[in-house]
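In: pasting the sequence and the predicted model now:
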Amino acid sequence: MRTRCTHSCTATANRHDDVLTPVHHVGHRISTLLRRHPYCAHFGAGLLVVRAEHRAAWPIGRRGDHRIADDEERLGDRPADDAGLAGLRNPQTLEPGVVPHGIGRVAVENPSIPEQVAIARAHGMEVQPIAVDEAGLVVADLLGTDAEAVIVTPAHQFPLGTVLSPERRRALVAWARERDALIVENDYAAEFRYDGPPIGAVQALAPERTVYVGTTSKTLAPAVRLGWIAAPAEVTSALTDAQLEGSGGFTGLNGHVFARLLLSGCYERHVQRCRRDYRRRRDALVEALSAELPQLRVLGVAGGLHLTLQLPPGCDADRVADTARSEGIDIRPLSYYAHTPIEQEPGLVMGYGRLPLPSVPGFVGALARAMQSA
């Protein structure tokens, strides 16, 4: 009997599984914090500051130690080169909003998140797509543009899943310094690497030229609307304006609760649990795909919360995706993320963050039927 994939196995890319959100621990930290510091309930939207002298303890650039300063030491005026804990409506699409005023031309990876292009254009910027290959952003193509900033996902390119090579990282930093340009580093899935140690951040190579953006939307829940930004001093005002404009319900209480989760070690334990769970889901999905659809090729490294599958030449990815959605699978063709035509075989982008292990066989079976129908 044919098993139809249900809503419980949605395959939207980069969706966090709400079941894994540590509701008990968050609730406990909130109640404890309010008992000790009742004034926290009245904090409004704003930027909680991690001062420069405490940045080594913040989870930025693959830091292993999640300790941070006491609350009182983190509040106040922002000195140069601070890290901020901000309320972000959607940290993965905020990046154009943190580019300083006066920058009119921004480069983006092609393919990449469509929303960031819309946001950049809404800010009056000209968008210049740059190709991506197996070594990440093609920096040589960037050199031929007049872009003043570039938005990159070097640790796990979205959606192709490639890692920016060491040579290109150095070339990207050299470009930024020579052109007096800005690198906006979106580290959207930093915690989820399954086939090796975490990848170092470009920000560590050029902190004076890099805006580093991280988020808890993949580890806690998107509704928390919490992220962090490390930036050079000249970007400070743009950061403040951007996070206030897109705070979307963030309060200081959220930030203080997150601080307590870090201090207690609860956040690190939670991330480790999520990493184990998501790896099991990915492994099961890849194994099932290899068995039933061996003609598909998984692109990129093992990380994040999505898979990108390369289809056989001549296969109609749009038709496959449309048919799959009629089977209850929310997937996208790779072309959905292309800003201009790309030199890439047809592909599909699917998430496994909300794909329970028991649903994997039905999911792959539905995809196989969609392939046959297309």
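Out: In hand now; what should we look at? The model shown is predicted, which means the values in this text are computed figures rather than measured ones.

In: for the lengthiest helix in the chain, packing partners?
Out: Looking across the chain with DSSP state H, the single longest helix is helix 266-292. In terms of contacts (3 or more Cβ pairs under 8 Å, 6 or more residues apart in numbering; DSSP states H and E), helix 266-292 is packed against helix 23-36, helix 252-264, strand 306-310, helix 360-373. (Each C-beta comes from the backbone N, C-alpha and C, glycine too.)

In: residue 320 and residue 371, how far apart?
Out: To residue 371, residue 320 is 6 Å away according to Cβ to Cβ, to the nearest Å.

In: so those two - more neighbours on which side?
Out: Shown here are residue 320 and residue 371; by other Cβ atoms under 10 Å, residue 320 has more neighbours (23 against 20).

In: quick check, that one in a strand?
Out: No: counting by DSSP: H, G, I helix; E, B strand; the rest coil, residue 320 is not part of a strand but helix.

In: who are the neighbours in contact with it?
Out: When contacts are counted by Cβ atoms under 8 Å, 6 or more residues apart in numbering, residue 320 touches 311, 333, 348, 367, 370-371, 374.

In: lowest-confidence one in the residues you listed?
Out: Least confident of the contacts of residue 320 in the model: residue 374, at 72.

In: could you report the neighbour count for it?
Out: By the measure other Cβ under 10 Å, the count of residues near residue 374 is 16.

In: quick revisit: could the contacts of residue 320 go into CSV alongside distance to residue 172?
Out: CSV is the format used below for these (distance: Cβ to Cβ, whole Å):
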residue, distance to residue 172
311, 30
333, 28
348, 29
367, 36
370, 38
371, 37
374, 38
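
In: re earlier: between the helices and strands packed on helix 266-292, which gets the lowest average pLDDT?
Out: helix 23-36 (a mean of 48).

In: which residues touch residue 127?
Out: 106-108, 117, 120-121, 339.

In: distance check, it against residue 198.
Out: Residue 127 is 30 Å from residue 198, by Cβ to Cβ.

In: what's across from residue 310 in the sheet?
Out: residue 297, residue 347 (DSSP bridges).

In: nope, residue 213 is what I was after
Out: residue 186, residue 229.

In: now do the strands in the protein.
Out: 48-50, 83-87, 105-110, 126-133, 136-137, 149-152, 182-186, 210-215, 226-230, 297-299, 306-310, 332-333, 347-351 (DSSP state E).

In: so can I have a markdown table of these showing distance to residue 283?
Out: Listed next are those as a markdown table, based on distance: least, Cβ to Cβ, whole Å:
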| stretch | distance to residue 283 |
| --- | --- |
| strand 48-50 | 35 |
| strand 83-87 | 33 |
| strand 105-110 | 27 |
| strand 126-133 | 25 |
| strand 136-137 | 24 |
| strand 149-152 | 28 |
| strand 182-186 | 26 |
| strand 210-215 | 25 |
| strand 226-230 | 29 |
| strand 297-299 | 11 |
| strand 306-310 | 11 |
| strand 332-333 | 22 |
| strand 347-351 | 15 |
